[in-house]
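Student: Kindly generate the corresponding structure for this input.
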Amino acid sequence: MPRFLLKRWHGLHMIWTFVFVAALVVVLFVFNWIIATAALLISALLGYYTLKAEKAFQKDLNHYIGTVSQRVKKAGITVVNDLPIGIALYTEEKTIEWHNAFVSTMLGKESVIGEPLYEIFPALKNRKDKETKFDAKIGKLLYQVIVKPEERQIYFRDVTAYDDLLRRYQDEKIAIGIVMMDNLDEATQGMDDQNRSILLAKVTGEINEWAMRHQLYLRRTASDRYLIFMNQKSLQQLEQTRFEILDEVRECVVEQKVPFTLSIGIAAGFDNLIEIGQMAQTSLDMALGRGGDQVAVKIGQRISFYGGRTNAIEKRTRVRARVISHALRDLIKESDKVIIMGHKNPDMDAIGAAIGVLKAVQVSNKEGYILLEGVNPSIQKLMDVIREDEKLIRWFVTPEQALQITTPRTLAVVVDTHKASMVAVPRLLQLTPRKVVVDHHRRGEEFISDAMLVYMEPYASSTCELVTELLQYFNERLTMDILEATALLAGITVDTKSFSLRTGARTFEAASFLRRSGADSALIQRLLKEDLTAFVNKAEIIKHAEILNQHIALAVAEPNRKYSQLLIAQVADTLLNMTDIMASFVISERPDGLIAISARSLGQINVQLVMERLGGGGHLTNAATQLEGTLEDAEKRLKQLLEQMDEEEGLFE
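Tutor: Take a look at the predicted model:
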């Protein structure tokens, strides 16, 4: 009971007692004054002893309360000083006003009272004036710091042991990888058994030595495939070395003069081993889809790529093309209709490939439509020619028409892209579960993962080349109209820069088939002609070009001048033809307000990796991206990225 309540209770008790006794004495005086006098004397004695007892009680009570207060105060001081938590108070002028013993031990000083706050704790600088919590290293230990500006208090808690335990837990998390020899069959084709065994022994030796060096568990699961287990600490070391095994394997077979490469997919940071294994296979598929000779590492939601400095090796066998062609034919026959679409702002390759797939649909006696969102300058001349052909133009539909006729049994064929966000109408992919992807770009992190059929070959010059090969196996009695064959050949011609870049034997074989089918090369030349205005605009951008590191051409267009994506790409192609130029970058504002960067290279520099770090993508020799902001910001970001990549990977070596 509180002290003042206790005293009040005793006081009331005494008053009522005296009142009762006084009343009793008055009654006794009325009946017998002798007895009343005796009672009065007895009451006086009782009152005296009661008051005396009350004073003694109050004295004992005050002594007890005083003792408890001292003990509580002493305990509070002891707790504040001995707690494993630092406490510091500071003034409005940001000087230390008081601190406990923990802070003295933490700083190795007897007292810092009166010293400037930010000099003693620099980590507190630039912190917003509100309650905050963060980690800061003081001396050799890590502390959790809690700042309460309203009370002007700071608390410090040693979290070094917890941080070490957390780091150890992260380092010991399991990671799974799959190593695959990209082109074992192609590289060893024609070799006798002895030379093949020598080649495999060299490559296997390099892989085993690499695994031992980095403490990886390596297990061979097939003639061209290995399974590796590691922890995340070993994975971090591999990332720091940028997976030198790719270069070591490539160099160890130089004497055999065979283009032998590895691809590796690694995954970590997922909840269970099954998911990690599945993600490792997905990473390997991504590395192979980007052309091989590289590593894809997926840690949680982050994915990184290493290597990829060589062009994808062209496959000598056409077995896959024949299998894909027959599978596509079956899917078309099982569908009620087929809608074909390319990427936003389609180019000649996308339109040509769409026309080729439309031919396959018509041969299968099914309805096929090409979704065209709009006509841009890169396909304007081709579309003008197509409009004159009533048999072909009738199958082109708008996005609204395509969405109306789409059913769950409709087959959606996506050409020249594999990213859902880049297709002309992403919503259409949600209306049907039946999807097919045909693309020649290197695979990126975003992918139409639920496609029923995927035909991606980064070695191919263009999607038109892939579609042409599919048509050759689609139907033996297939015949093509002149305009259809011309559109396909035009797509190949544009993407290979008139057969000067990214061409292989199969590129010329596809072009030969199209020429036999009636493709008009003269019409292609007319389609690719540029007008004088475009030529002058290109010259305006080129005159602002500068040379970086002796081999990089960078051109930035003038502010407030907007150019089409096609013209920006053409400027990059033109700069690449200059002497000693290995890569070119062109930055300009587009009509839609975005800042476009178009990149080209001859193969020594992987411009795809550069553009991916800026949110874009493409090929090793052909890539692009779009950014928001200003030309100046885009130029600054690109230059900083090139310098950073040069330090990390020797980009300009």
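
Student: List the buried residues for stretch 464-478?
Tutor: By 16 or more other Cβ atoms under 10 Å, the buried positions in stretch 464-478 come out as 464-474. C-beta coordinates here come from the backbone N, C-alpha and C atoms, glycine included.

Student: In these, find the pair that's most separated.
Tutor: Cys464 and Tyr473 (15.8 Å; Cβ to Cβ).

Student: can you list the buried residues of stretch 464-478 in a markdown table and add pLDDT and distance to Leu218?
Tutor: Formatted as a markdown table, the buried residues of stretch 464-478 follow (pLDDT from 0 to 100; distance: Cβ to Cβ, whole Å):
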| residue | pLDDT | distance to Leu218 |
| --- | --- | --- |
| Cys464 | 95 | 42 |
| Glu465 | 94 | 38 |
| Leu466 | 94 | 35 |
| Val467 | 94 | 40 |
| Thr468 | 94 | 41 |
| Glu469 | 92 | 37 |
| Leu470 | 92 | 38 |
| Leu471 | 93 | 43 |
| Gln472 | 91 | 41 |
| Tyr473 | 88 | 39 |
| Phe474 | 86 | 43 |
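
Student: between these, which is nearest Gln236?
Tutor: Gln236 has its nearest neighbour among those in Leu466, at 38.2 Å by Cβ to Cβ.

Student: who's in contact with the strand or helix carrying that closest one?
Tutor: For Leu466, the host element (DSSP states H and E) is helix 463-474. Identification of contacts with helix 463-474 by Cβ atoms under 8 Å, 6 or more residues apart in numbering yields 318, 321-322, 324-326, 328-329, 349-350, 352-353, 356-357, 359-360, 363, 415-416, 438-440, 455, 457, 460, 478, 480, 487-492, 495, 506-507, 510, 513-514.

Student: let's see it at 6 Å
Tutor: The contact list for helix 463-474 (Cβ atoms under 6 Å, 6 or more residues apart in numbering) reads 321-322, 325, 329, 349, 352-353, 356, 360, 415-416, 438, 440, 460, 488, 491-492, 507, 510.

Student: From those, keep the buried residues only.
Tutor: 321, 325, 329, 349, 352-353, 356, 360, 415-416, 438, 440, 460, 488, 491-492, 507, 510.

Student: any idea how far the helix or strand where Val586 lies is from the chain center?
Tutor: Per DSSP H and E, Val586 falls inside strand 583-589. Averaged C-alpha coordinates place strand 583-589 at 24 Å from its chain's average position (Cα atoms, centre = their mean, to the nearest Å).

Student: And the average pLDDT for that strand is what?
Tutor: Averaged across strand 583-589, pLDDT comes to 93.

Student: Repeat that for stretch 188-205.
Tutor: 82.

Student: that's a strand at Gly368, yeah?
Tutor: Yes. With DSSP: H, G, I helix; E, B strand; the rest coil as the criterion, Gly368 is part of a strand.

Student: among the contacts of helix 463-474, which are in strands?
Tutor: 415, 438 (DSSP state E).

Student: Domain-wise, how is this structure divided?
Tutor: 3-81, 85-163, 181-307, 319-527, 533-649 (automatic domain parsing).

Student: so where's the protein uncertain?
Tutor: For the chain, residues meeting the criterion pLDDT under 70 lie at 1-33, 35-36, 39-40, 43, 46-47, 50, 57, 60-82, 309-317, 649-653.

Student: okay, which residue is most central for it?
Tutor: In the chain, the C-alpha nearest the mean C-alpha coordinate belongs to Arg302, at 4.5 Å (Cα atoms, centre = their mean).

Student: Roughly how far does it sit from Gln215?
Tutor: With the distance defined as Cβ to Cβ, to the nearest Å, Arg302 ends up 23 Å from Gln215.

Student: what's the answer for Ile568, then?
Tutor: 48 Å.

Student: more neighbours, these two?
Tutor: Between Ile568 and Gln215, counted using other Cβ atoms under 10 Å, Ile568 has the larger neighbour count: 23 against 11.

Student: who does the strand or helix carrying the more buried one touch, helix- and strand-wise?
Tutor: Here Ile568 sits within helix 565-576, counting by DSSP H and E. Applying 3 or more Cβ pairs under 6 Å, 6 or more residues apart in numbering; DSSP states H and E, one finds that helix 565-576 makes contact with helix 532-542, strand 583-589, strand 595-601.

Student: can I get these in CSV with mean neighbour count?
Tutor: Shown next, in CSV, are those (neighbours: other Cβ atoms under 10 Å):
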stretch, mean neighbour count
helix 532-542, 15
strand 583-589, 26
strand 595-601, 26
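
Student: Redo these as TSV? Include distance to Gly205.
Tutor: Shown next, in TSV, are the helices and strands packed on helix 565-576 (distance: least, Cβ to Cβ, whole Å):
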stretch	distance to Gly205
helix 532-542	50
strand 583-589	35
strand 595-601	33
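
Student: Tell me which of those sits nearest to Ile448.
Tutor: Using Cβ to Cβ and comparing the helices and strands packed on helix 565-576, the one that lies nearest Ile448 is strand 595-601, at 24.2 Å.

Student: And the helix or strand just after the closest one, how far out from the chain middle?
Tutor: Later in the chain than strand 595-601, the nearest helix or strand by DSSP H and E is helix 607-612. Distance, stretch centre to chain centre, for helix 607-612: 14 Å (Cα atoms, centre = their mean).

Student: contacts for helix 607-612?
Tutor: With Cβ under 6 Å, 6+ apart as the criterion, helix 607-612 contacts 442, 583, 599, 601, 617-620, 623, 625.

Student: Restricting to C-alpha, output stretch 519-537 in PDB.
Tutor: Provided in PDB are the C-alpha atoms of stretch 519-537 (Å, rounded to 0.1, in the frame of the first residue of the first chain):
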ATOM      1  CA  ALA A 519      13.500 -14.300-103.600                       C
ATOM      2  CA  ASP A 520      14.000 -11.000-105.500                       C
ATOM      3  CA  SER A 521      17.400  -9.500-104.600                       C
ATOM      4  CA  ALA A 522      16.700  -6.400-106.600                       C
ATOM      5  CA  LEU A 523      13.600  -5.700-104.600                       C
ATOM      6  CA  ILE A 524      15.600  -6.200-101.400                       C
ATOM      7  CA  GLN A 525      18.100  -3.500-102.600                       C
ATOM      8  CA  ARG A 526      15.200  -1.100-103.200                       C
ATOM      9  CA  LEU A 527      13.800  -1.900 -99.700                       C
ATOM     10  CA  LEU A 528      17.100  -1.100 -98.100                       C
ATOM     11  CA  LYS A 529      17.800   2.100 -99.800                       C
ATOM     12  CA  GLU A 530      17.900   5.200 -97.600                       C
ATOM     13  CA  ASP A 531      16.900   8.700 -98.500                       C
ATOM     14  CA  LEU A 532      19.100  11.800 -98.400                       C
ATOM     15  CA  THR A 533      17.500  13.200 -95.200                       C
ATOM     16  CA  ALA A 534      18.400  10.000 -93.300                       C
ATOM     17  CA  PHE A 535      22.000  10.200 -94.600                       C
ATOM     18  CA  VAL A 536      22.400  13.800 -93.500                       C
ATOM     19  CA  ASN A 537      21.000  13.000 -90.100                       C
END
